[in-house]
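[1] Sequence first, predicted model second:
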Amino acid sequence: MRVEGVDLESAQGFVLLEPGIHLVKVESGKEGKSKAGERKVDFLAVVMDGTQAGGNITLSFSLQPQALWKLRQFRDACGIEASNGTGFDTDDFVDRQVKIATSQKTFTNDTGKSETRTQIDDFMAAA
């Protein structure tokens with residue numbers, strides 16, 4: 001059976017962003033566990049500019065006390081008010097736009113293969 005009206009060539013999934021500054025829009029967020037079993041929160045974001053507009057990226061943040069500074073930096077760049085130590089709601093991030101500074105990081109994955117991924121180096125307010 002032939003399926004019509006679907007342009008697979010322009011479909012975007014998760015993308016490897018070019019190093020630089022990119023505007024992204026947060027689509028969703030959820031709490032989970034890292035491979036090591038540590039608490040984390042992941043935000044799905046859509047790239048809003050450049051050649052990879054429409055592509056998806058994941059912004060992952062550890063919830064370990066020594067790593068919370070990065071999540072605070074992201075929250076501040078999104079323009080979300082502080083919660084005075086009472087936690088936060090991932091829904092507050094949805095539909096927020098933020099600029100991210102990216103580079104690329106190459107590492108060896110679990111199967112021993114070399115893999116390159118987008119690394120988020122900094123967050124900035126979109127406006």
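    Right, received. Where do you want to start?
[2] In the sheet, which residues pair with Ile57? Tell me.
    According to DSSP bridges, the partner residues bridging Ile57 are Ala45.
[3] ok but Gln73 is inside a helix, no?
    Yes - assessed with DSSP: H, G, I helix; E, B strand; the rest coil, Gln73 lies in a helix.
[4] If you count neighbours, what's buried in the helix or strand where Ser60 lies?
    Following DSSP states H and E, one finds Ser60 within strand 56-62. The neighbour-count check on strand 56-62 (16 or more other C-beta atoms under 10 Å) flags Ile57, Leu59, Phe61, Ser62 as buried. To be clear about C-beta, it is placed using only N, CA and C from the backbone, and glycine gets the same treatment.
[5] Mind putting those residues into a markdown table with distance to Ile80 and pLDDT?
    A markdown table is the format used below for the buried residues of strand 56-62 (distance: C-beta to C-beta, whole Å; pLDDT from 0 to 100):
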| residue | distance to Ile80 | pLDDT |
| --- | --- | --- |
| Ile57 | 19 | 93 |
| Leu59 | 14 | 95 |
| Phe61 | 13 | 94 |
| Ser62 | 18 | 94 |
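[6] Cys91 falls within a strand, correct?
    If you look again at residue 91, you'll see it is Asp, not Cys. No - Asp91 is assigned helix when assessed by three-state DSSP, not a strand.
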